[in-house]
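In: here is a sequence together with a model predicted from it:
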Amino acid sequence: MSSSEEDVAGGAPSETPPATAEIQAIADKIGGPLEEKENKRYPTFKATEYKSQVVAGTNYFIKVQVADDDFVHLRVFESLPQENKALALHNYQTSKTKQDQLAYF
């Protein structure tokens, strides 16, 4: 096993592919709680790209377009299936741009 394979096996975040329908569905479920925390409504809520990290469950880092050139980064935790817990918004960053890289936060 190469060192890069060890990094992936050790829980390093994935590459940053375009968002899929599954990732959009996760973002949609978190949109309401985020709007409540920020006390604002977002005119758009379109996931554009993401990373995932396998831990005791999965962390998703999702870049979401909320206006023309206004993005938020979400960290969403999905527990293991047998735990039967809801998706949780663990952290987020506002005032991001399309060019901002997704990184662990």
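Out: That came through, no problem. As the structure is a computational prediction, the values presented were derived from the model and not from experiment.
In: contacts only, for I62.
Out: Residues near I62 by Cβ atoms under 8 Å, 6 or more residues apart in numbering: A19, I23, I26, A27, A47, E49, Y50, H73, L74, V76, L102. All C-beta atoms are positioned from the backbone trio N, CA, C, and that covers glycine.
In: between those, which has the most around it?
Out: Highest neighbour count within these: Y50, with 27 neighbours (other Cβ atoms under 10 Å).
In: so which of the contacts of I62 belong to strands?
Out: A47, E49, Y50, H73, L74, V76 (DSSP state E).
In: now for those residues: which two are most distant?
Out: E49 and V76 (13.9 Å; Cβ to Cβ).
In: closest to T94 among the contacts of I62?
Out: H73 (8.3 Å).
In: please tell me how far E36 sits from P18.
Out: With distances taken as Cβ to Cβ, to the nearest Å, E36 is found 28 Å from P18.
In: please apply the same query to A27.
Out: Counting by Cβ to Cβ - A27 and P18 are separated by 13 Å.
In: helices of this structure, residue ranges please.
Out: Counting by DSSP state H, residue ranges of the helices within the chain are 3-9, 21-38.
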